[in-house]
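Asks: Pasting the sequence and the predicted model now:
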There are 2 protein chains.
Amino acid sequence: MAEMIGFLGTGKLGLPIAQNLLSAGFGLKVYNRTREKAAGLIAAGAVPAETPLETLSTGGIIVSVLADDKALLALADEEFCRALGAGVHVSMSTVSPVTSRILAERHAAFGGELVVAPVFGRPAAAAAGKLWICASGPADAKARVKPLFDAVGQGVFDFGDDPGAANVVKLAGNFLLTAAIEAMAEASAMAEKNGVPRGEMLKMLVSTIFNCPIYVNYSKPIIEGDFGEGGFSNLLILKDMQLVQKTASDGRAPMPIVNLLCDRYLSAIAKGRADSDAVSLALGAAEDAGLEW
Amino acid sequence: MAEMIGFLGTGKLGLPIAQNLLSAGFGLKVYNRTREKAAGLIAAGAVPAETPLETLSTGGIIVSVLADDKALLALADEEFCRALGAGVHVSMSTVSPVTSRILAERHAAFGGELVVAPVFGRPAAAAAGKLWICASGPADAKARVKPLFDAVGQGVFDFGDDPGAANVVKLAGNFLLTAAIEAMAEASAMAEKNGVPRGEMLKMLVSTIFNCPIYVNYSKPIIEGDFGEGGFSNLLILKDMQLVQKTASDGRAPMPIVNLLCDRYLSAIAKGRADSDAVSLALGAAEDAGLEW
């Protein structure tokens, strides 16, 4: 368990994941562009690296949790893949399946393997080690990194060899989640404009037929009309919805709701809410109905 | 508990509700346009009526579970409301809040009270006495019919005096449910066209972040591609979505997803699936993506 693992990307999601790996006894070599973001980890025993390359050891394990496809492709260039050699890259970022397939080929050229492992769960769930992990990639590599998954998640779902498969599932989940927010938003505006407080309506539904984490957690800020700056910004979720749109387009699968969601997030950002939590999309339907929450 | 109650509308939902009232010890006087539909109830001890009016007793309780607004308004005409007098009409149909407000006024003219009590739950839940009930109307009338609710449901949520309030909540719930089906359908088509079987994707999501009755129950037929003729037909749910559309329009609340859902159900019916279960809407997104399930 004392294997030294490289860790890249200690943002809102990456940081608690790294902390749980440290707590579970793994050694960590960490790098973040913004140095202060890794300070807590280093205080807790992680080894700081001056560059991403320094986190790598030939044949070792590297975990990356980055913001988007561009950052991931820029990081894992030929030099990076050569330095990792026949190691395993665990890619936990929410990116397109196409990016993962490109990345898997880059690693394969140097004998390396890519395990794609995006997760479901807000930062609080990550801190509690309660993430749900979607994994895809070569079976031997997935087996090798299983102890890492056990340290950060409450369950792993295996989607086979295709590195892009786990990304498809992650995108599908984020789409369902965001569609649920938009549906709650529209239902809330309709209820309020017909004399029924949205809180009464939503509380009933999320305690009965919709009693699951997504509806329970995301109805709260809608009921309270209090969105703030959450763990998952409108900017980030717009990127995700555009990935869904692109993935649907690549596969030739029309998704009318995702097109609507992209417009809703564009509008939220246009109105100055780029950094608000993704659930603040609910304001769109309210504003369209002339409501102020 | 031996009070004789009138019961109108022994269809897919009404029949198990009536059976549970009988089992709980209430006397029932039943009428259905299609006589055979009440045959089982009569065998179990219900008293048959030749006309709707015959089910009424002045100052008594009448329960109605009808298909739509038109049927309800046609039934509860002046003669009907006069015959019920200062009794209570428990209206469990999914109708518009406007219809309930009209009906409440009709009863009030003869000293009667309307309790609006639409329910959530498929016929199997109704048979098990596990419905969730939304109730609105005068407090004294709701208190009087509480023993009936206890016999057919697992919980009652009170939405106050406005008779239309419970309808608004029921419509909001049916909208959320149908939006969830459409979202699962779109995500499934996207996944399949990108090489991930929809069953694998949906099974993960409905066992984790979407682990609630709606997603668990409605993902099954989508996964299996087996829709059949369920408890809740495309024709009935189109009527519900059009009620949501009308209620949203009356209140001036734009709901882009409900407009999409109406189009999806119109298309399903146009393709010959009027009597298929409402979850068969999922075929629309699949067909649009060139898939055959």
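Replies: Arrived safely, thanks for sending.

Asks: switch to C-alpha atoms for all contacts and neighbour counts from now on
Replies: Fine.

Asks: show me the contacts for the closest residue to residue A:44 other than its chain neighbours.
Replies: Spatial nearest neighbour of residue A:44, excluding adjacent residues (CA to CA, 6 or more residues apart in numbering or on different chains): residue A:22 at 7.8 Å. When contacts are counted by CA atoms under 8 Å, 6 or more residues apart in numbering or on different chains, residue A:22 is found next to A:28, A:44-46.

Asks: For the residues you listed, which single residue is the most surrounded?
Replies: Greatest neighbour count in those, by other CA atoms under 10 Å in any protein chain shown, goes to residue A:28: 27 neighbours.

Asks: Let me see the contact set for the residue nearest to residue A:213 when sequence neighbours are not counted.
Replies: Counting by CA to CA, 6+ apart, residue B:209 is the residue found nearest to residue A:213 once chain neighbours are left out, at 5.4 Å. Neighbour list for residue B:209: A:120, A:212-214 [criterion: CA under 8 Å, 6+ apart].

Asks: quick one: which two of these are the most distant?
Replies: Greatest spacing in the contacts of residue B:209, by CA to CA: A:120 and A:212 (13.8 Å).

Asks: Tally up the residues packed near the closest residue to residue A:64 other than its chain neighbours, please.
Replies: Closest residue to residue A:64 in three dimensions, ignoring its sequence neighbours and counting by CA to CA, 6+ apart: residue A:8, at 4.7 Å. Close neighbours of residue A:8, defined as other CA under 10 Å, add up to 29.

Asks: The one 3 residues further on now?
Replies: Neighbour count for residue A:11, taken as other CA under 10 Å: 19.

Asks: circling back: so of the contacts of residue B:209, which ones are in strands?
Replies: Secondary structure assignment by DSSP state E places residue A:120 of the contacts of residue B:209 in strands.

Asks: And the contacts of residue B:209, which is closest to residue B:39?
Replies: Looking across these and measuring by CA to CA, the closest to residue B:39 is residue A:212, at 39.8 Å.

Asks: check contacts around that closest one.
Replies: Residues in contact with residue A:212, defined by CA under 8 Å, 6+ apart, are A:206, B:209-212.

Asks: who's in contact with residue A:20?
Replies: When contacts are counted by CA under 8 Å, 6+ apart, residue A:20 touches A:127, A:129, A:151-152.

Asks: Now restrict those residues to buried residues only.
Replies: With neighbours counted by 16 or more other CA atoms under 10 Å in any protein chain shown, the contacts of residue A:20 contain buried members at A:127, A:129, A:151-152.

Asks: can the contacts of residue A:22 go into CSV with extra columns for secondary structure, pLDDT and distance to residue B:236?
Replies: Output for these, formatted as CSV (DSSP: H, G, I helix; E, B strand; the rest coil; pLDDT from 0 to 100; distance: CA to CA, whole Å):
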residue, secondary structure, pLDDT, distance to residue B:236
A:28, strand, 97, 58
A:44, coil, 94, 60
A:45, coil, 94, 62
A:46, coil, 96, 60
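
Asks: from those, which single one is nearest chain B?
Replies: Within these, proximity to chain B (CA to the nearest CA) peaks at residue A:28, which comes in at 29.2 Å.

Asks: and the closest one, how far is that from residue A:46?
Replies: As judged by CA to CA, to the nearest Å, residue A:28 and residue A:46 stand 5 Å apart.

Asks: Name the residues of the stretch 101-250 of chain A found near chain B, please.
Replies: Of all the residues in the stretch 101-250 of chain A, those in contact range of chain B (CA under 8 Å from any CA of the partner chain) are A:120, A:132, A:157, A:159, A:165, A:168-169, A:172-173, A:175-176, A:179-180, A:183-184, A:186-191, A:193-196, A:200-201, A:204-205, A:208-214, A:247-248.

Asks: Just the ones of those residues in helices?
Replies: Counting by DSSP state H, the part of those found in helices is A:165, A:168-169, A:172-173, A:175-176, A:179-180, A:183-184, A:186-191, A:200-201, A:204-205, A:213-214, A:247-248.

Asks: Return the helix or strand in chain A with minimum mean pLDDT.
Replies: Averaged element by element with mean pLDDT, DSSP states H and E, chain A has its least confident helix or strand at helix A:123-127 (a mean of 90).

Asks: for that helix, the distance to its chain's centre please.
Replies: A distance of 12 Å separates the centroid of the chain from that of helix A:123-127, by CA atoms, centre = their mean, to the nearest Å.

Asks: now swap in stretch A:47-56 and tell me
Replies: 23 Å.

Asks: Start and end of it, how far apart?
Replies: Distance between the boundary residues of stretch A:47-56 (CA to CA) amounts to 12 Å.

Asks: ok, and for it, which residues are buried?
Replies: Neighbour-count burial for stretch A:47-56, with 16+ other CA under 10 Å as criterion, is recorded at A:47-49, A:52-53, A:55-56.

Asks: Next, format those residues as TSV and append distance to residue B:292, pLDDT and secondary structure.
Replies: As requested, the buried residues of stretch A:47-56 are arranged in TSV below (distance: CA to CA, whole Å; pLDDT from 0 to 100; DSSP: H, G, I helix; E, B strand; the rest coil):
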residue	distance to residue B:292	pLDDT	secondary structure
A:47	53	96	strand
A:48	53	95	strand
A:49	52	95	coil
A:52	46	96	coil
A:53	48	97	helix
A:55	48	97	helix
A:56	46	97	coil
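
Asks: re earlier: with pLDDT as extra columns, can I get the contacts of residue B:209 in a markdown table?
Replies: Written out in a markdown table, the entries for those read as follows (pLDDT from 0 to 100):
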| residue | pLDDT |
| --- | --- |
| A:120 | 96 |
| A:212 | 93 |
| A:213 | 91 |
| A:214 | 93 |
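
Asks: and residue A:102, that's in a helix?
Replies: Yes - counting by DSSP: H, G, I helix; E, B strand; the rest coil, one finds residue A:102 located in a helix.

Asks: Check whether stretch A:266-284 comes into contact with chain B.
Replies: No - among the residues of stretch A:266-284, none lie within reach of chain B under CA under 8 Å from any CA; the closest is 10.2 Å away.

Asks: Show me which residues of that stretch are buried.
Replies: Of the residues in stretch A:266-284, those buried under the neighbour-count criterion (16+ other CA under 10 Å) are A:266, A:268-269, A:273-284.
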